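Peer 1: Dropping the sequence and predicted coords here.
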Amino acid sequence: MTAIRIPGLIERGELNREIVDEAVRRVLYAKFRIGLFDDPYGEKFAKGAIHSGKAIALSKKIADESTVLLKNERQLLPLSIGKLKSIAVIGPNADQIQFGDYTWTRDNRFGVTPYKVSGNGQAQT
């Protein structure tokens, strides 16, 4: 759903205004808590070490520790490299870094895309 469609959905009674108000309230509160209203253009953060080695290592550790396997039917995982003939890496993000829906970057310099990872886990050039 795009923001452009929201007023029409509310007018037609297809979307409750209170739900939108609550969502907006939470986003604005989060922005207030991290100081975006005091530094709306990120000048304070631009001078910091957002992409420092320490920050990147912590982000990777958090991502690794937050991955959850919901089902492992027929013991598919972990993959056995010796039994694999091929792996299909397809879709719009196959060769695009994306650390989540609201990621801090989509710049491929800060990670290895699924497409570029070979069977032995080394990035291919």
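Peer 2: The structure has been received and is ready for your questions. Residues are numbered from 1 along each chain as shown.
Peer 1: tell me, which helix in the chain spans the most residues?
Peer 2: Counting residues, the longest helix in the chain under DSSP state H turns out to be helix 17-33.
Peer 1: Check which element follows the helix or strand bottoming out on mean pLDDT in the chain along the chain.
Peer 2: Least confident helix or strand, the chain: helix 43-46 with a mean of 71, by mean pLDDT, DSSP states H and E. Going down the chain from helix 43-46, the next helix or strand is helix 53-66, by DSSP states H and E.
Peer 1: before we move on, back to that, helices or strands next to the longest helix of the chain in the packing?
Peer 2: Contact here means 3 or more CB pairs under 8 Å, 6 or more residues apart in numbering; DSSP states H and E; on that basis helix 17-33 packs against helix 6-11. Glycine gets a C-beta too; all of them are placed from N, C-alpha and C.
Peer 1: Buried residues of the helix it packs on, list them for me.
Peer 2: When burial is assessed from 16 or more other CB atoms under 10 Å, helix 6-11 yields no buried residues.
Peer 1: contacting residues around the longest helix of the chain?
Peer 2: Contacts to helix 17-33, defined as CB atoms under 8 Å, 6 or more residues apart in numbering, come from residues 6, 10, 37.
Peer 1: Closest to residue 75 out of the residues you listed?
Peer 2: residue 6 (45.0 Å; CB to CB).
Peer 1: Cheers, nothing more for now.
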